[in-house]
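Student: sequence unavailable; structure follows:
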């Protein structure tokens, strides 16, 4: 009987905590529907740059054949290898198809024609899918041509089309090279959001919120003032990950460290502002912590850290664009692994600035100088 009374008392307390009850119901439903729909390891619609030096009907037919597989989308046509590098560093393309001059002539003369497939090795999740699909298409076309080409002895000739894969930025396809830069964003998201999510609720629970209420400080000043001290902590964490990643796992730092640290400020501030926004919604530190964990999992699964971004359905990609981690992963991997310049990651910076501005505005509007 005493056990029943204690259990009943706990249920009554839980019923009064409406936010916790709502999260207990919403968490499994939302995550099941979201991740069951969005997570897909079968990478399709890989953006592809085309360097067609032959400009013939045969080369155009090859491109159309690749697009018809639905594994590739033509992101644009380029005229130099430098443009291929720019497209890969910007993230506008994940692979590049290089068709040499004389491709159609070689096929017509029954000589071997070699095409090149350049793959962005900084994203190993797409390498196998991109390479295998292109190799399968080329093999099928070669088989078709071989039925028309028989030697005098009745034996098939050499394969008429040969594909030459070439992996840039991570030629050894080491997982650590891909994962460690991404961990910078994941760890910063986890710690920065959790640290500040309890900021306002801690003031309320300790009874110091009244001091803020009677102070002349404005809402926006309170939000920014609580963000600034944690920025330094974020830089310390980031530096530790970069140093340990280089010394222990051999992760290179090809780009500019100064550029990386400058752009990381916006990402760190965005996560801190998000944590503060959560703290304006929660009544207790426990609720703020629950919100932080609720937010962390979509970041890991939808941002491209674990699963290919291109494999997700379009609505899931739109949702992922609202996550700061999605854009910071492109920035940190672009600078660390590809040596990307400011211009090549500027689009992601614009996204981060807009997200930061929206979060600061929401946080300042949500915080009202009153108890309750």
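Tutor: Alright, I've got the coordinates. Remember, it's a predicted structure, so these values are computed and weren't measured experimentally.

Student: could I get the contacting residues of residue 253?
Tutor: By CB atoms under 8 Å, 6 or more residues apart in numbering, residue 253 lies in contact with 242, 246, 336. Where you see a C-beta, it was placed from the backbone N, CA and C, and this is true even at glycine.

Student: rerun that using 10 Å as the cut-off
Tutor: Applying CB atoms under 10 Å, 6 or more residues apart in numbering, we find residue 253 in contact with 181, 242, 243, 245, 246, 260, 335, 336, 337, 339.

Student: which neighbouring elements make contact with the helix ranked longest in the chain?
Tutor: Longest helix in the chain, counting residues (DSSP state H): helix 219-249. Where contact means 3 or more CB pairs under 10 Å, 6 or more residues apart in numbering; DSSP states H and E, helix 219-249 is packed against helix 175-197, helix 199-206, helix 257-281, helix 324-338, helix 342-366.

Student: give the buried residues for the shortest one.
Tutor: Within helix 199-206, the residues scored as buried using 16 or more other CB atoms under 10 Å are 199, 200, 201, 202, 203, 204.

Student: the fifth one contacts residue 279, doesn't it?
Tutor: Which is residue 203. Yes - the pair residue 203 and residue 279 passes the contact test of CB atoms under 10 Å, sitting 8.7 Å apart.

Student: now the strands for the stretch 1-150 of the chain?
Tutor: Ranges of strands in the stretch 1-150 of the chain, per DSSP state E, counting those that start in this stretch, are 46-52, 72-77, 95-99, 113-120.

Student: out of those strands, indicate the one that is most buried.
Tutor: strand 95-99 (a mean of 24; mean count of other CB atoms under 10 Å).

Student: how far off strand 113-120 does that one point, in degrees?
Tutor: If you take axes from the mean of the first three to the mean of the last three CA atoms, to 10 degrees, strand 95-99 sits at 160 degrees to strand 113-120.

Student: and stretch 225-237, how far from the chain's centre?
Tutor: The chain centre lies 23 Å from the centre of stretch 225-237; the measure is CA atoms, centre = their mean, to the nearest Å.

Student: buried residues in it, which are they?
Tutor: By 16+ other CB under 10 Å, the buried positions in stretch 225-237 come out as 226, 227, 230, 234.

Student: low-confidence ranges in the stretch 201-350 of the chain?
Tutor: 209-215, 219-220, 222-223 (pLDDT under 70).

Student: repeat for the stretch 51-200 of the chain
Tutor: Using pLDDT under 70, the stretch 51-200 of the chain drops low at 145-159.

Student: 80 instead?
Tutor: 108-111, 123-130, 138, 140-161, 198-200 (pLDDT under 80).

Student: domain-wise, how is the chain divided?
Tutor: The record's domain parsing of the chain by automatic domain parsing lists 46-168, 174-366.

Student: tell me which of the ones you listed sits most buried.
Tutor: domain 174-366 (a mean of 19).

Student: and that one, end to end?
Tutor: 45 Å (CA to CA, to the nearest Å).
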